[in-house]
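Asker: Structure for the following, please:
(one chain, ligands or ions: 1)
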Amino acid sequence: MTPVTRVLVANRGEIALRIIRACHEEGLEAVAVYSAADRLSPHVRASDLAVEIGPAAPSESYLRIDRLLEVARETGAQAIHPGYGFLAERAAFAEAVEAAGLVFIGPPSTAIRAMGDKTEARRRMRAAGVPVVPGADAPITELATALELAREMGYPVMVKAVAGGGGKGMRVVHALEDLEGALATAASEALKAFGDSAVYIEKLIERPRHVEIQVLADATRTVHLGERECSVQRRHQKVVEEAPSVAVDAALRARMGDAAVAAAKAVGYRSAGTCEFLLAADGSFYFLEMNTRIQVEHPVTELVYGIDLVRQQLRIARGLPMQVPEGPRTPNGWALECRITSEDPGNGWMPSTGRIEFLRVPAGPGVRWDSGVEIGNEVTLYYDSMVAKLIVWGRDRDNALRRMVRALDELVIVGIATNQGFQRRLITDPAFVAGDIDIQFLDRRPDLAGAPPGAALTRAAAIAAALAEDAARHARKPAIAESGDARTAWLNAARSEGLR
Ligand code: MV4
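Answerer: Next comes the predicted model:
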């Protein structure tokens, strides 16, 4: 293997910056790529060398496999880190990188392929002794087979895309007369989304939690680093993640961890990866899928296990052993992550765009801010709405929650609407504080979205109002006027401009 000294980071935003920093700590140079929309992005400046690869549209820049390989060759990078999203879980990309004689900083393409086909993954997992949801281990070709299987399992069942994942092409079926129609709609959705109409069925697990296990594998060892609780999600986008989970004790962690390690070994996994499980109310758990990439929420695991997962990915890709102590490993304290997105919960979660006019980043003990934007950057509709991850550590869950409230209160973002206020309401909500959550929690709690916006205001006045509110909050006195009415009017106006 040619020694790796320079890594091409095939991504943008916070994860590109995160990877570049890890490269530097590993003594490696980092090559950034960027679209025309990202010329002023922090990841470009943090890199040792940066190459513009095309227009803002991802299909013309960050998804251009040919262009990325050309940039690697031109810049002398020996390895490519895909980050998450974009090309991270495309087996064809990993294959192209391998075929070009470069190192793919992730699992072997064969592992990506095996886990990408959900029925193949189910067969392999079952053979490895990993618990899977009762259901079909092959695509459905005959209605009669599906009806028979559903009758055996009992309704409700779920129709899923074989090439799926992340929630696309799924249908819940409550009674046999609806199965034929659901198979047809799911198949046509799957064809549109994945170019593959194959579907299969599983028993529906009702009101589960979404708990996932972090895995790390090098040439000789495959270990797990405990769970992340990811139940709080909206439309398959996670909103808050934590490690550990209130629902997982040491015994369950060991059982789920063993299952995740077996899953990884069954596909010849190397690098960092995550096994997603549904955890039912009765404590039973079922393998859902394996995410063959570094995930958005990896920092909560890093904080409770004291391990830099991206640095370990870099070491493993270079053929070095991972720096993870031989067991037993136990989580230390509690970590929480709030995803800060440019969406307006009070306005139907409308995506917000604009220039970041002002930004005050939370800091202090136990606070981590992973973001790819800074003052002056434009937030556009070309990319994901996540502008930052606010991550905290505390000695226990209560202390982590208090610290997150404090950090959210320090955060000021002016210029775009964000979900900051929503996050504060969520993490102080009694049900959330009690850990009483499952994957439908946010569906049951539309009240957390907050009030719809009031009357419009000019942009400049809205910015002034947002800053005045912040100044007042920290001076521990009312904003703008003693009169509650005047203060409320200004704040409502600011919200209507999408600022707070
Ligand atoms: C399920 C399920 C219930 N029963 N499978 C959603 C995304 C994809 N990874 C699998 N998903 C689900 N599969 C059975 N048999 C519920 C979901 C599900 C879900 C899972 C994890 C996190 C959030 C979710 C939201 C809705 C549905």
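
Asker: Now do the contacts for the residue of the stretch 301-450 of the chain found nearest the ligand.
Answerer: Proximity of the stretch 301-450 of the chain to the ligand (C-beta to the nearest ligand atom) peaks at Ile439, 4.0 Å away. (Glycine included, C-beta is placed from N, CA and C.) With C-beta atoms under 8 Å, 6 or more residues apart in numbering as the criterion, the residues that contact Ile439 are Arg207, Pro208, Arg209, His210, Ser231, Gln233, Leu278.

Asker: Next one: it, what pLDDT does it get?
Answerer: Looking at Ile439, its pLDDT reads 98.

Asker: Contact residues of this structure facing the ligand?
Answerer: Counting by C-beta under 6 Å from any ligand atom, the residues of the chain lying close to the ligand are 133, 158, 165-167, 202-205, 210, 233, 236, 276, 278, 288-289, 439.

Asker: so Asn291 sits right up against Ser271, yeah?
Answerer: No. With the criterion set as C-beta atoms under 8 Å, Asn291 and Ser271 do not qualify as a contacting pair; they are 11.5 Å apart.

Asker: More neighbours: these two, which one.
Answerer: More neighbours surround Ser271 than the other of Asn291 and Ser271, with 25 against 21 (other C-beta atoms under 10 Å).

Asker: Please, which helix or strand holds the residue of the stretch 301-450 of the chain closest to the ligand?
Answerer: Assigned by DSSP states H and E, Ile439 belongs to neither a helix nor a strand.

Asker: The stretch 301-450 of the chain: helices as residue ranges?
Answerer: 309-317, 397-410, 420-427, 430-433, 441-444 (DSSP state H, counting those that start in this stretch).

Asker: any idea which of these is most buried?
Answerer: Ranked by mean neighbour count under mean count of other C-beta atoms under 10 Å, those are led by helix 309-317, which reaches a mean of 22.

Asker: now that one, how far from the chain's geometric center?
Answerer: Counting by C-alpha atoms, centre = their mean, to the nearest Å, helix 309-317 is centred 19 Å from the centre of its parent chain.

Asker: Outside of that helix itself, list whatever touches it.
Answerer: Residues outside helix 309-317 that contact it (C-beta under 8 Å, 6+ apart): 4, 7, 18-19, 22-23, 25-26, 28, 79, 81, 103-106, 214, 216-219, 225, 270-272, 294, 298, 301-302, 321-324.

Asker: Okay, Phe287 and the ligand: tell me how far apart.
Answerer: According to C-beta to the nearest ligand atom, to the nearest Å, Phe287 stands 10 Å off from the ligand.

Asker: contacting residues around that residue?
Answerer: Counting by C-beta under 8 Å, 6+ apart, Phe287 has contacts Arg122, Met125, Val130, Pro131, Val132, Val133, Ala259, Ala263, Cys275, Glu276, Phe277.

Asker: in a strand, that's where Ala30 is, yeah?
Answerer: Yes. Looking at Ala30 with DSSP: H, G, I helix; E, B strand; the rest coil, it is inside a strand.

Asker: gap between it and Asp218?
Answerer: Relative to Asp218, Ala30 is positioned 22 Å away (criterion: C-beta to C-beta, to the nearest Å).

Asker: So for the two, which sits in the more crowded spot?
Answerer: Taking neighbours as other C-beta under 10 Å, Ala30 and Asp218 compare with Ala30 leading, 25 against 19.

Asker: about what we covered before: list only those of the contacts of helix 309-317 flagged as buried.
Answerer: Taking 16 or more other C-beta atoms under 10 Å as the criterion, what is buried in the contacts of helix 309-317 is 4, 7, 18-19, 22-23, 26, 28, 79, 81, 103-106, 214, 216-218, 225, 270-272, 294, 298, 301-302, 322, 324.

Asker: which regions of the stretch 1-150 of the chain sit below the pLDDT cut-off?
Answerer: Flagging of the stretch 1-150 of the chain using pLDDT under 70 yields the residue ranges 1.

Asker: which stretches of it form strands?
Answerer: Under the criterion DSSP state E, counting those that start in this stretch, the stretch 1-150 of the chain carries strands at the ranges 6-9, 29-35, 49-54, 79-81, 103-104.

Asker: Could you spell out the sheet neighbours of the first one, each with its direction?
Answerer: Strands flanking strand 6-9 in the sheet, each with its direction: strand 29-35 (parallel), strand 79-81 (parallel) (DSSP bridges).

Asker: Tell me the gap between the last one and the middle of its chain.
Answerer: By that I understand strand 79-81. Strand 79-81 sits 20 Å away from the centroid of its parent chain (C-alpha atoms, centre = their mean).

Asker: do stretch 29-40 as well
Answerer: 22 Å.

Asker: Report the buried residues of that stretch.
Answerer: Residues Glu29, Ala30, Val31, Ala32, Val33, Tyr34, Ser35, Ala37, Asp38 are the ones in stretch 29-40 that count as buried (16+ other C-beta under 10 Å).

Asker: What residues does the fifth one make contact with?
Answerer: Same thing as Val33. Val33 makes contact with Leu8, Val9, Ala10, Ala50, Val51, Glu52, Ile53, Ser61, Tyr62, Leu68, Val71 under the criterion C-beta under 8 Å, 6+ apart.

Asker: For those residues, could you give me CSV that also reports neighbour count?
Answerer: CSV is the format used below for the contacts of Val33 (neighbours: other C-beta atoms under 10 Å):
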residue, neighbour count
Leu8, 30
Val9, 28
Ala10, 31
Ala50, 21
Val51, 18
Glu52, 15
Ile53, 21
Ser61, 23
Tyr62, 28
Leu68, 27
Val71, 22
